[in-house]
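Chemist: Quick one: sequence and predicted model below, then my questions.
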Amino acid sequence: MKYVLFDVSPEIFKWDEMLFGEHHWTFMWETMVRSIIMFIVVLVSLRILGKRGVRQLSVFELVVIIALGSAAGDPMFYKEVGLIPVAMVFLVVISLYYLVTYWVGKSKKFEQLVEGKPICLIEEGAFSIENFKKEPMAHDEFFAELRQKNVSHLGQVQTAIIETSGEISVFYYPDEEVKYGLPIMPGTFVEKTKSIDEGGHYACTFCGETYKLGPTQTFTCKECGKHSWVKAINDKRVS
């Protein structure tokens with residue numbers, strides 16, 4: 001008795017359908033023309049919308065870009081999708097963009113509803129805990145953003161604000177005013193402790209508040225109620 005594990009007969013495994021789908025190979029020429037047309041349409045549409053980079057886009061603008069990209073993709077390789085309905089989609093989306101932009105300029109409340117508002121994450125070298133809870137951002141992700149701005153500890157930062165575009169704006173202390181702060185370099189939190197064996201400046205690993213502490217078994221942070229600490233540093237920022 002013979003067993004067949006895989007049937008690779010032409011009836012089961014059809015190369016033409018795998019490569020060209022349900023269309024004849026001559027449709028590839030039409031696909032090229034469709035792609036060129038949609039590329040030009042997308043390029044013109046983005047030129048109309050402006051020159052802002054992806055990291056500068058608000059949530060609303062990002063939704064507009066995704067909508068245009070989704071509308072542009074289907075007519076490139078689906079024969080049943082006509083170009084005129086897609087052009088209508090682009091016209092509607094761009095019109096809505098200008099309509100919403102108009103009302104954003106007219107109403108502050110509408111602007112905050114559509115685009116959100118900037119939120120202060122660090123005030124005077126420590127986390128603004130309540131504000132930080134509102135943002136879906138992990139400490140490690142935030143620290144990585146600060147390190148890219150040459151920040152090595154929170155005592156160098158007077159204020160940090162997350163903008164509506166997701167960019168983080170940082171305002172620094174002058175070198176002569178740099179405070180002791182929570183180190184944010186990789187591996188720093190490996191040395192965190194709950195008992196203070198040696199006196200000095202320590203920073204709360206949760207909120208970044210700093211205290212000058214003597215040797216003690218435990219100390220509870222007055223701001224957040226946590227009791228995990230690392231040694232604080234007051235190095236000046238190297239720009």
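Modeler: Perfect, thanks for sending it. Residues are numbered from 1 along each chain as shown.

Chemist: What pLDDT is listed against residue 3?
Modeler: In this prediction, residue 3 carries a pLDDT score of 52.

Chemist: er, residue 238 actually
Modeler: 80.

Chemist: Just give me how far stretch 205-218 sits from the chain centre.
Modeler: 32 Å (C-alpha atoms, centre = their mean, to the nearest Å).

Chemist: again with stretch 134-145
Modeler: 10 Å.

Chemist: Would you work out how far apart the start and end of that stretch are?
Modeler: Start to finish, the residues bounding stretch 134-145 are 18 Å apart (C-alpha to C-alpha, to the nearest Å).

Chemist: Spell out which residues make up each domain of this protein.
Modeler: Structurally, the chain divides into domains by automatic domain parsing as follows: 15-112, 119-231.

Chemist: nearest to residue 237, of the ones you listed?
Modeler: Residue 237 lies closest to domain 119-231 among these, at 4.6 Å (C-beta to C-beta). To be clear about C-beta, it is placed using only N, CA and C from the backbone, and glycine gets the same treatment.

Chemist: Report the rounded mean pLDDT for the closest one.
Modeler: 87.

Chemist: and that domain, how far apart are its ends?
Modeler: Start-to-end, domain 119-231 (C-alpha to C-alpha) is 28 Å.

Chemist: In CSV: the domains of the chain, plus mean neighbour count and distance to residue 239.
Modeler: Listed next are those as CSV, based on neighbours: other C-beta atoms under 10 Å; distance: least, C-beta to C-beta, whole Å:
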stretch, mean neighbour count, distance to residue 239
domain 15-112, 14, 21
domain 119-231, 16, 6
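
Chemist: any chance of those in TSV, plus distance to residue 237?
Modeler: As requested, these are exported to TSV (distance: least, C-beta to C-beta, whole Å):
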stretch	distance to residue 237
domain 15-112	23
domain 119-231	5
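
Chemist: among the ones you listed, which is nearest residue 238?
Modeler: Using C-beta to C-beta, the domains of the chain put domain 119-231 closest to residue 238, at 6.1 Å.

Chemist: now the closest one: how far from the chain's centre is it?
Modeler: Using C-alpha atoms, centre = their mean, the offset of domain 119-231 from its chain centre is 21 Å.

Chemist: same check, this time on stretch 65-73
Modeler: 20 Å.

Chemist: and that stretch, C-alpha only, in PDB?
Modeler: Written as PDB, here are the backbone C-alpha positions of stretch 65-73 (Å, rounded to 0.1, in the frame of the first residue of the first chain):
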ATOM      1  CA  ILE A  65      -2.100  59.600   6.700                       C
ATOM      2  CA  ILE A  66      -3.200  56.000   7.600                       C
ATOM      3  CA  ALA A  67      -6.500  56.600   5.900                       C
ATOM      4  CA  LEU A  68      -4.800  57.800   2.700                       C
ATOM      5  CA  GLY A  69      -2.400  54.900   2.700                       C
ATOM      6  CA  SER A  70      -5.100  52.400   3.200                       C
ATOM      7  CA  ALA A  71      -7.200  53.900   0.400                       C
ATOM      8  CA  ALA A  72      -4.200  54.000  -1.900                       C
ATOM      9  CA  GLY A  73      -3.200  50.400  -1.500                       C
END
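
Chemist: Can you list the residue ranges for helices in this protein?
Modeler: 15-20, 27-49, 59-77, 83-106, 108-115, 129-133, 139-147 (DSSP state H).

Chemist: Now tabulate the ones you listed in TSV and tack on distance to residue 210.
Modeler: Listed next are the helices of the chain as TSV, based on distance: least, C-beta to C-beta, whole Å:
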stretch	distance to residue 210
helix 15-20	63
helix 27-49	45
helix 59-77	35
helix 83-106	40
helix 108-115	33
helix 129-133	15
helix 139-147	16
